[in-house]
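Enquirer: Any chance you can model this:
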Amino acid sequence: MPAGWFRLGMGFSTVSADNTAETLFVAATGDPLGGGSPGLGSIDPSRGLLHVIGSFSGAFRGQSAELTGTGDGRLYGFFTTTPVQVAQLDKATGAVIESTPIPGVETPQAWAFSFWGGDFYLYTAPSALGGRTTNVTRYRPSDGSIDTAYMTNIGFRIVGAGVSTCAPIAPPP
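Expert: Got it, this is the predicted structure:
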């Protein structure tokens, strides 16, 4: 593993809406001594090798992210900045295409991220010493709404979330 790829956020994304081939993308969260994230990469599952794609761009350079993909080929990062942000990523370069601040959501010590039915779900928890468990926030890009009380203090800490790339990209009727 190259330097700086200490812990990984990860998510699958399809090639496009018309091509369901998948890629496992990873985002390094940096090293335990405080080094920043080297950005976006992908994993070749057949050989178990990391392909470094590139640094996140602008204010996101060096920041930690969790990833989720969509069935129509988009890739998003949940950045643990203050405030936290959801950003669409360029899968070829790691550059941030566009980002949305999510006010009212804590910068977490434990976090996860998923997409289903057109909505993003951010799972956040403070330090394990704080006594509170994970909160789940729903961000709905279609109308810009952010529901920080979607689920609160759920009783356990979520540190990873996966979603299938065949999950719906729009809410069911």
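Enquirer: The closest residue to residue 89 other than its chain neighbours: how many residues sit nearby?
Expert: Residue nearest to residue 89 in three dimensions, not counting chain neighbours: residue 75, with 4.8 Å by CB to CB, 6 or more residues apart in numbering. To be clear about C-beta, it is placed using only N, CA and C from the backbone, and glycine gets the same treatment. Residue 75 is flanked by 24 other residues according to other CB atoms under 10 Å.
Enquirer: What distance do you get for residue 75 to residue 48?
Expert: Computed as CB to CB, to the nearest Å, the residue 75 to residue 48 distance reads 21 Å.
Enquirer: what's the answer for residue 37, then?
Expert: Distance, residue 37 to residue 48, using CB to CB: 21 Å.
Enquirer: Could you list the low-pLDDT ranges of the chain?
Expert: 1-4, 6, 30-35, 130 (pLDDT under 70).
Enquirer: could you redo the last one with a cut-off of 50?
Expert: Counting by pLDDT under 50, the chain contains no low-confidence range.
Enquirer: Show me where it has its helices.
Expert: Under the criterion DSSP state H, the chain carries no helices.
Enquirer: which stretches of it form strands?
Expert: Counting by DSSP state E, the segments of the chain that form strands are 8-14, 22-28, 40-44, 49-54, 65-69, 75-79, 85-89, 96-101, 110-116, 119-125, 135-140, 145-151.
Enquirer: which residues sit in contact with residue 96?
Expert: Remark: with contacts taken as CB atoms under 8 Å, 6 or more residues apart in numbering, residue 96 is in contact with 56-58, 60, 77, 87-90.
Enquirer: now residue 144
Expert: Per CB under 8 Å, 6+ apart, neighbours of residue 144: residue 100.
Enquirer: circling back: residue 37 and residue 48: who's more crowded?
Expert: The residue with more neighbours, out of residue 37 and residue 48, is residue 37; 28 against 7, by other CB under 10 Å.
Enquirer: separation between that one and residue 55?
Expert: 8 Å.
Enquirer: and if you look at residue 14?
Expert: Distance, residue 14 to residue 55, using CB to CB: 24 Å.
Enquirer: same deal with residue 104?
Expert: Residue 104 is 28 Å from residue 55, by CB to CB.
Enquirer: Same check on residue 13?
Expert: 18 Å.
Enquirer: Pick out whichever of those two has more residues nearby.
Expert: More crowded of residue 13 and residue 55, by other CB under 10 Å: residue 13, with 24 against 18.
Enquirer: Which residue is the nearest non-sequential neighbour of the more buried one?
Expert: residue 69 (2.9 Å).
Enquirer: residues near that neighbour, how many?
Expert: Neighbour tally, residue 69, other CB under 10 Å: 25.
Enquirer: State whether it and residue 75 are indeed in contact, as I suppose.
Expert: Yes - using CB atoms under 8 Å, residue 69 makes contact with residue 75 at a distance of 5.1 Å.
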